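Undergrad: have a look at this prediction, sequence included:
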Amino acid sequence: MPIATSPSGQKVWQRRTRNQSMIRWAAWLVGTAIFLWCWGQISEATTWFFVWDAPAIAGDILERATPPRWSYMEKLWWPIWDTLNIATLGTIGALFLAVPVAFLAARNTTPSARFVRPIALLIIVATRSINSLIWALLLIAIIGPGVFAGVIAIAIRSIGFCAKLLYEAIEEIDRTQVEAVTATGASPLQVMAYGIVPQILPAFAGIAVFRWDINIRESTVLGLVGAGGIGLQLQASLNVLAWPQVSLILLVILFAVVVSEWVSAKVRGAII
Amino acid sequence: MSAALDARLGQPWRKPPLIKRAWLRWSLAVGAVIYLALAIASIEVNWSRVWEGLDRGAAFIMSFARPDFVSRWGDIWDGMLESVIMTVAASVVGILISIPIGLGAARNIAPLPVYVICRGIVAISRALQEVIVAILLVAIFGFGPLAGFLTLSFATIGFLSKLLAEDIESMDRVQAEAIRATGSSWMQWINYGVQPQVMPRLIGLSMYRLDINFRESAILGLVGAGGIGATLNTAFDRYEFDTAAAILLIIIGTVMALEYLSGIIRAKVQ
Amino acid sequence: MLRLEKLTKTYRTGDKALKAVDLEVPKGQVMALIGPSGAGKSTLIRCINRLVEPTSGKVWLGDVELTGLGTSALRRERRRMGMIFQEYALVERLTVMENVLSGRLGYVGFWRSLTRRYPQSDVDEAFRLLDRVGLVEMADKRADELSGGQRQRVGICRALIQNPALLLVDEPTASLDPKTSRQIMRLICELCAERGLAAIINIHDVALAQMFVSRVIGLRFGAVEFDGPPEALTPEVLTTIYGEEDWQATIRKVDEDEEVQP
């Protein structure tokens, strides 16, 4: 009821009623208070002496990091190849696992909405919530450091992401096309192959390329915890404060990210 | 019976291939097989090490059944609190900064020089992995949550500005023109013509980014930028799987709660 | 050939879509099913091939009772009932030929259908049908490149390649322009006559129905209100089916129409 009556008896238009605006002001006040408290905590945990010194330190690092040590490149080819493999094989592995999970999670294809669907959704949430670096840490503790742990970590992390997008695509398919295939007397597997799969194939391809692009980024840092790829060299160079090598590696990573984004945009454009 | 039918009858039928040029189709297929073979061959798997590790893997999975929240509760609490604080502060600052940058990165409302600068900021922020930014910021500002806070704010700007700009670029021109036709100033035009169109999505994306920021804050501790990650790392190093399981469960639970909350908020603003 | 006994469908919401419908369709009879939206026309058709499970009652197709069949026996019987849909319901990202051949899914094994290796006799039959409806040149086009009328022709081919004894047709002309609607209806009726098929055509357009079919069933609130030849559709009858309205124009249109086919 945004029209109120002023004391002089005239009608006054307001955007919100009195109560609504009170609640809004209170919400803003609480929000601001929470933010200020958070900032206070951060500021308390910070050694401000270092922060005031930061511009000098940053300048110092920049000076030491330039020019990049180009000759180090020859030691980077193999890690770059490993990084690419971690992303690609991890994505492929994730897709193999994500497809069945997505079909179990989609309301219109799940065999049991009460028992199977919650399990599938739990798998999706659990794998999505935890970053691939943490999965890598865990896998290294279990199967030891190396590229293999990286591939598995990327694969596990990507299951939830791919399965979520895929099951949303499955839930959006056109029911009547499925009905028409069912009406021909097709078996459930045939209904899936003829009625459902053609409808979700473009979404599937898009998701695969999109995730591959993200996985290239993620696999560049997996080496920091020992799971192979170019991150290993980054960690080694940081440990000995070899800034010219660090800057070269960062340039390589930036380049890889730009290229992978370009590739994935091209492929998605071709599909759709 | 038509001639076209005559030509077809008795002939086998095959689905027309996706890629028409035969040489391209075959070279892509062969190339993919060769790449996969090389890639798989180049992974060294120490199977005996994996075999030994399976016991530990089983122990880890079992520890989800009896997570240990108690013995390192102090560390877990401090870490989680720091993660939440970083998430909240970085989300607020990131969102506030990304609104002007998002406006500037939308070609249909910003002049070219502003557009180029804002798009540049977005591109840099998106290209740099959070962890790498965190490493650099820790080197510059020292250990602690300030580096994590700055990292997350920076990442939020890239994410949110880009999506906001895309949203503004695809908005309904007619509505915005109608407001401009009233003789409004630039600020009024944004407030009446643009903001109502993009606001629901901006709120939805902000909630989504809050969720991402929390998940990311869980790993920043690995490089010394504050949060629960350091506690988690220690737990893995000491093979304290039941504590690690407890932390992971808390993270999963928080993410689920955040997703649920953002679902409600998004449903409400739309 | 098809006999419904006390066919009843109550949805979980409590809506009674069909109330004990009794109906018999002899071999080769083309029958129109008319009635207002929500009268249960669609439900009736879908209860016959059990795309919608009937709540109670029986469906006899020849000597087989359908409602008690297990899934694989039901699939075998579905092959004898071709279905044509309102919005064509072609699988849009598959080619015309794949859509037509998908009518044979009940006959071929999974791997054969997955690898698209259909028996030569099926492929020849598909081309013959496409030729009959004038689309043989379109065989390798994707279904979503076709116009509405062309898509519905492909839908007809898909139903006919099943070699059915009965056609279940759900609003075949609902999304087509008047001229194409007539062409499609004529095609369906001609093909039924050629092959001696029975058909239940669920249709909104009363005039169009009168033009082509030999028997009309009027459905209202899930119960049969009218059953007779199209000439017997008087304004009074239409009022009982649809409610009060001036029906003269609707009916007269048929009498004056020169395109009426015998």
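TA: Everything's here; your move. Keep in mind the model is a prediction, meaning the values are calculated, not measured.
Undergrad: now for whichever residue of the stretch 101-250 of chain C sits closest to chain A: which residues touch it?
TA: The minimum distance from the stretch 101-250 of chain C to chain A, using C-beta to the nearest C-beta, falls at C:Gly106 (2.7 Å). Where C-beta positions appear, they are placed from N, C-alpha and C, glycine not excepted. The contact partners of C:Gly106, taken as C-beta atoms under 8 Å, 6 or more residues apart in numbering or on different chains, are A:184-186, C:75-76, C:78-79, C:162.
Undergrad: mind checking which of the residues you listed are in helices?
TA: Of the contacts of C:Gly106, the ones assigned to helices by DSSP state H are C:75-76, C:78.
Undergrad: just for the chain, where's the confidence low?
TA: Unless you meant another one, I'm taking chain A. For chain A, the stretches with pLDDT under 70 are A:1-11, A:272.
Undergrad: that answer is for a different chain, and I need it for chain C
TA: C:249-262.
Undergrad: same question, the stretch 151-270 of chain B
TA: B:270.
Undergrad: nearest to chain A: which residue in it?
TA: Nearest residue of the stretch 151-270 of chain B to chain A, counting by C-beta to the nearest C-beta: B:Val255, 3.9 Å away.
Undergrad: helix, strand or coil: sort out that residue for me.
TA: Classification of B:Val255 by DSSP: H, G, I helix; E, B strand; the rest coil places it in helix.
Undergrad: my guess is it meets B:Asp211, correct?
TA: Yes: using C-beta atoms under 8 Å, B:Val255 is in contact with B:Asp211, at 6.4 Å.
Undergrad: surely B:Phe69 is in a helix?
TA: No: assessed with three-state DSSP, B:Phe69 is coil; it does not lie in a helix.
Undergrad: if I look at it, how far off is C:Asp63?
TA: 68 Å (C-beta to C-beta, to the nearest Å).
Undergrad: over to B:Tyr239?
TA: Distance of B:Tyr239 to C:Asp63, given as C-beta to C-beta: 71 Å.
Undergrad: please enumerate the helices of chain A.
TA: Using DSSP H, helices in chain A cover A:18-44, A:48-52, A:54-65, A:77-105, A:116-129, A:132-143, A:147-171, A:175-183, A:188-191, A:197-221, A:230-239, A:243-271.
Undergrad: need those helices in CSV with mean neighbour count and distance to C:Tyr118, can you?
TA: As requested, the helices of chain A are exported to CSV (neighbours: other C-beta atoms under 10 Å in any protein chain shown; distance: least, C-beta to C-beta, whole Å):
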stretch, mean neighbour count, distance to C:Tyr118
helix A:18-44, 12, 64
helix A:48-52, 12, 73
helix A:54-65, 13, 65
helix A:77-105, 21, 26
helix A:116-129, 18, 34
helix A:132-143, 25, 45
helix A:147-171, 24, 27
helix A:175-183, 22, 15
helix A:188-191, 17, 12
helix A:197-221, 21, 17
helix A:230-239, 20, 50
helix A:243-271, 17, 27
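Undergrad: what would these look like in CSV with distance to chain C?
TA: Formatted as CSV, those follow (distance: least, C-beta to the nearest C-beta, whole Å):
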stretch, distance to chain C
helix A:18-44, 36
helix A:48-52, 57
helix A:54-65, 51
helix A:77-105, 15
helix A:116-129, 19
helix A:132-143, 33
helix A:147-171, 13
helix A:175-183, 4
helix A:188-191, 5
helix A:197-221, 4
helix A:230-239, 39
helix A:243-271, 12
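Undergrad: for B:Gln197, find the nearest of the ones you listed.
TA: For the helices of chain A, the distance to B:Gln197 is smallest for helix A:18-44, at 20.9 Å, taking C-beta to C-beta.
Undergrad: what about B:Arg72, how many residues nearby?
TA: B:Arg72 has 20 neighbours, counted by other C-beta atoms under 10 Å in any protein chain shown.
Undergrad: residue contacts, it?
TA: B:231, B:235, B:240, B:243.
Undergrad: could you dump the residues you listed into CSV and include distance to A:Thr110?
TA: As requested, the contacts of B:Arg72 are exported to CSV (distance: C-beta to C-beta, whole Å):
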residue, distance to A:Thr110
B:Thr231, 37
B:Ala235, 35
B:Glu240, 37
B:Thr243, 35
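Undergrad: using TSV, please lay out these together with distance to C:Asp246 and secondary structure.
TA: Converted to TSV, the contacts of B:Arg72 look like this (distance: C-beta to C-beta, whole Å; DSSP: H, G, I helix; E, B strand; the rest coil):
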residue	distance to C:Asp246	secondary structure
B:Thr231	80	helix
B:Ala235	81	helix
B:Glu240	84	coil
B:Thr243	81	helix
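Undergrad: in these, find the pair that's most separated.
TA: Across those (C-beta to C-beta), the longest gap, 10.3 Å, separates B:Thr231 and B:Glu240.
Undergrad: and the residue of the stretch 101-250 of chain B at minimum distance from chain C, its phi and psi?
TA: The stretch 101-250 of chain B approaches chain C most closely through B:Ser170 (24.1 Å), counting by C-beta to the nearest C-beta. Here is the backbone geometry of B:Ser170 (degrees, to the nearest 10): phi -100, psi 10.
Undergrad: what does C:Thr10 give?
TA: Main-chain torsions, C:Thr10, degrees, to the nearest 10: phi -120, psi 120.
Undergrad: for it, which non-adjacent residue is closest in space?
TA: Residue nearest to C:Thr10 in three dimensions, not counting chain neighbours: C:Thr55, with 4.8 Å by C-beta to C-beta, 6 or more residues apart in numbering or on different chains.
Undergrad: quick one, phi/psi of that neighbour?
TA: Dihedral angles (degrees, to the nearest 10) for C:Thr55: phi -80, psi -40.
Undergrad: residue nearest the centroid of chain A?
TA: Nearest to the geometric centre of chain A sits A:Ile214, at 6.5 Å (C-alpha atoms, centre = their mean).
Undergrad: can you name the residues that contact that one?
TA: A:Ile214 sits in contact with A:Phe161, where contact means C-beta under 8 Å, 6+ apart.
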